[in-house]
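Engineer: Attaching a predicted model along with its sequence, questions to come.
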Amino acid sequence: MQTNTTQITEISIVEDEVHMTTIELCHTIDIDQEDLVAWVQEGILNPIGTSPEDWRFSGDTLSRAKKALRLSRDLEINTPGVAMVLDLLDEISELRKRLG
């Protein structure tokens, strides 16, 4: 007897022009606002605006926030460590662009 297995992958497409509030981003990636504020203070995320109530996050930020969440939850990396890993990943990506 033969069985077929289907794998479903969730795909999210968010345009750069879309801007989410602090609350929307927290709900989207399932994170506490305090953690999000810590990420902004550490430089992991760079919102537009001066305070959490005014912050707006772009579509690019959503992707970075999801990476940060995986690093902090799955690998149990602290906030400064997440910032360092993401900076290194950005640097690797930039170097690959230059080479290719």
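Structural biologist: That came in fine, so what should we check first?

Engineer: Please list all residues in contact with Asp35.
Structural biologist: Ser72, Thr79 (C-beta atoms under 8 Å, 6 or more residues apart in numbering). All C-beta spots, glycine's among them, are computed from the backbone N, C-alpha and C.

Engineer: Mind telling me what element it is part of?
Structural biologist: Assigned by DSSP states H and E, Asp35 belongs to helix 33-42.

Engineer: And for Lys67?
Structural biologist: Short version, using DSSP H and E: Lys67 is in helix 59-74.

Engineer: Buried ones in the helix holding Asp35, by neighbour count?
Structural biologist: Going by neighbour count (16 or more other C-beta atoms under 10 Å), the buried part of helix 33-42 is Leu36, Val37, Ala38, Trp39, Val40, Glu42.

Engineer: by contact count, what packs against the following helix or strand past that helix?
Structural biologist: Sequence-wise, the next helix or strand beyond helix 33-42 is strand 56-57, with elements assigned using DSSP H and E. Applying 3 or more C-beta pairs under 8 Å, 6 or more residues apart in numbering; DSSP states H and E, one finds that strand 56-57 makes contact with strand 20-21, helix 22-29.

Engineer: Just give the strands next to the shortest one in its sheet, each with its orientation.
Structural biologist: Sheet pairing for strand 20-21, assigned by DSSP bridges, gives strand 56-57 (antiparallel).

Engineer: Next, the buried residues of the longest helix belonging to the chain.
Structural biologist: Once the chain is assigned using DSSP state H, the helix that runs over the most residues is helix 79-99. Burial within helix 79-99, assessed by neighbour count using 16+ other C-beta under 10 Å, is assigned to Thr79, Val82, Ala83, Val85, Leu86.

Engineer: So for this structure, the centremost residue is which one?
Structural biologist: Ala65 (1.4 Å; C-alpha atoms, centre = their mean).

Engineer: burial of the closest residue to that one other than its chain neighbours, as a residue count?
Structural biologist: In space, Ala65 comes closest to Ile29 once its chain neighbours are excluded; the distance is 5.2 Å by C-beta to C-beta, 6 or more residues apart in numbering. Summarising burial for Ile29: neighbours were counted as other C-beta atoms under 10 Å, giving 16.
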